[in-house]
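In: my questions concern the predicted model and sequence given below.
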Amino acid sequence: MTIQEVADKLVAYCREGKFDHAQKELYAADAISTEPPGSPGFQSVKGLDKIIEKGHQFQAMIEKVHSASVSDPQIAGDYFSIALLFDVTLKGMGRVNMDEICVYCVKDGKVVSEQFFYSTI
């Protein structure tokens, strides 16, 4: 798959809420997921199984999704980025807006790394 095809599929799956499906189909087995320094509750991990587990932990924190949107991908070389915007109610934390930039690196048709940028303050 080309980077454009990977990016388009990832965006389509995210828009459908099929995050697990996107990871299982599009990620390399040894992919890396990097959170910003000081991230509340999430660690950077390596390996598809740990990335999927981290996603399940995040989904378990969500009480209700009020709205979600994913931008079209922006591609540069082996990288693409998307803006991911969530309006959610988190268990025990109330309603919050979560806005982040997600940057992905693709090698040999698979996502080999994802890195998230959001305010940790």
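Out: Looks like it arrived, so ask away.
In: looking at this protein, which helix or strand is least sure?
Out: In the chain, no helix or strand scores lower on mean pLDDT, DSSP states H and E than helix 48-61, which sits at a mean of 92.
In: chain center to that one, what's the gap?
Out: Between the centre of helix 48-61 and the centre of its chain there are 10 Å (CA atoms, centre = their mean, to the nearest Å).
In: dump it to CSV, keeping only the CA atoms.
Out: Output in CSV follows, covering the C-alpha atoms of helix 48-61 (Å, rounded to 0.1, in the frame of the first residue of the first chain):
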residue,chain,number,x,y,z
LEU,A,48,1.0,-3.8,18.2
ASP,A,49,-0.4,-5.8,21.2
LYS,A,50,0.5,-3.0,23.6
ILE,A,51,-0.9,-0.3,21.3
ILE,A,52,-4.2,-2.2,21.0
GLU,A,53,-4.3,-2.6,24.8
LYS,A,54,-3.6,1.1,25.3
GLY,A,55,-6.5,1.9,23.0
HIS,A,56,-8.8,-0.4,25.0
GLN,A,57,-7.8,1.4,28.2
PHE,A,58,-8.6,4.8,26.6
GLN,A,59,-12.0,3.5,25.3
ALA,A,60,-12.8,2.2,28.8
MET,A,61,-12.4,5.7,30.2
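In: buried set for it?
Out: 48, 51-52, 54 (16 or more other CB atoms under 10 Å). C-beta coordinates here come from the backbone N, C-alpha and C atoms, glycine included.
In: perfect, that will be all.
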